[in-house]
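**Q** Sequence first, then the predicted structure, then my questions.
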Amino acid sequence: VFDDEEESKLSYTEIYQEYQALVERLLEDYLKEVGINEEKFQEAFSSPLAKTHTSQAILQTVLAAEDFRLFKKMMVQKNIEMQLQAIRIIKERNGVLPECLTEGSDVFSEIEQEEMKILKEVLRKSKEEYDLEQERKRTEE
């Protein structure tokens, strides 16, 4: 559903509200299960250990329930990952990509393969820069 357009669609808001409710329910249930009250969770959530890169990656799904922009970025990234995974599965099963995914060519040329490597590298660097920016913001806070 999510694309990388600047303007958000009404359907995004509906999905976001469902996501918020789901995260809240799961978090409440988990805290009850492990015997942690909300106050202790808040303390742990704001501790220096929770500010590490690894912890932030894990907590991103929880943070996204409180920040629509983060949620949308996360959903756009997941959408891209799912599309790439689907293409990879199609290629693995068939040995080649169907014509509708290759503009009439069943094999990637060397140039196309290089472009794909560059695109993946750009996406990786973009994610790293985003993670660093988020870490910087948390440090400032």
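**A** The structure has been received and is ready for your questions.
**Q** Just give the closest residue to the residue nearest to the spatial centre of the chain, not the sequence neighbours.
**A** Among the residues of the chain, the one closest to the centroid is Met74, at 3.2 Å (Cα atoms, centre = their mean). Nearest residue to Met74 in three dimensions, chain neighbours excluded: Ala64, at 5.1 Å (Cβ to Cβ, 6 or more residues apart in numbering). C-beta here means a position set from N, CA and C on the backbone, and glycine is covered the same way.
**Q** Surely the one you found touches Ile15?
**A** No - here Ala64 does not reach Ile15: they are 11.6 Å apart, not a contact under Cβ atoms under 8 Å.
**Q** Compare the two (neighbour count), which wins?
**A** Using other Cβ atoms under 10 Å as the criterion, Ala64 and Ile15 rank with Ala64 on top: 20 against 16.
**Q** List the residues that contact the more buried one.
**A** By Cβ atoms under 8 Å, 6 or more residues apart in numbering, the residues touching Ala64 are Tyr19, Val23, Leu70, Phe71, Met74.
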